[in-house]
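Colleague: here are the coordinates; sequence isn't available:
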């Protein structure tokens, strides 16, 4: 996919999520699992509703496509070290929805994150999964 096509798709997905059309985006992801590669860029979106919508999207995908959702993991793991706290927190939240051994293990270092909210997100996720 060319860079301008990728950017147009990111804008489209973000706009739809912001408008509350998460079901439409979930259908797109189910149709084309390559869209998981956009996950990291989508949680970097400055619009709060897009980031919240990504959690809703992942909850839906975890319920309907549990064997595919882990496709997002390689695009989320690097974001756990992002300089922006909300990006680290959002990445941890999505990895907590994925609930693979790799995703949960990657969240553990965030227990000592410099941002108290990120550390709390990590603690909540790990506690929820008995870690």
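Modeller: Happy to help now that I have it. Please read all numbers here as calculations on a predicted model, not as lab measurements.
Colleague: what strand or helix carries the residue nearest the centre of the chain?
Modeller: Compute the mean C-alpha point of the chain, and by CA atoms, centre = their mean the closest residue is residue 94, 3.9 Å away. Taking DSSP states H and E as the criterion, residue 94 maps to helix 85-98.
Colleague: gap between that helix and the chain center?
Modeller: When C-alpha coordinates are averaged (CA atoms, centre = their mean, to the nearest Å), helix 85-98 and its chain have centres 6 Å apart.
Colleague: again with stretch 68-84
Modeller: From the chain centre to the centre of stretch 68-84 is a distance of 7 Å (CA atoms, centre = their mean).
Colleague: end-to-end on that stretch?
Modeller: Stretch 68-84 stretches 27 Å from its first residue to its last (CA to CA, to the nearest Å).
Colleague: so which bits of that stretch are buried?
Modeller: 69-73, 75-76, 79-80, 82 (16 or more other CB atoms under 10 Å). The C-beta positions use only the backbone N, C-alpha and C, and glycine is treated the same way.
Colleague: great, nothing more from me.
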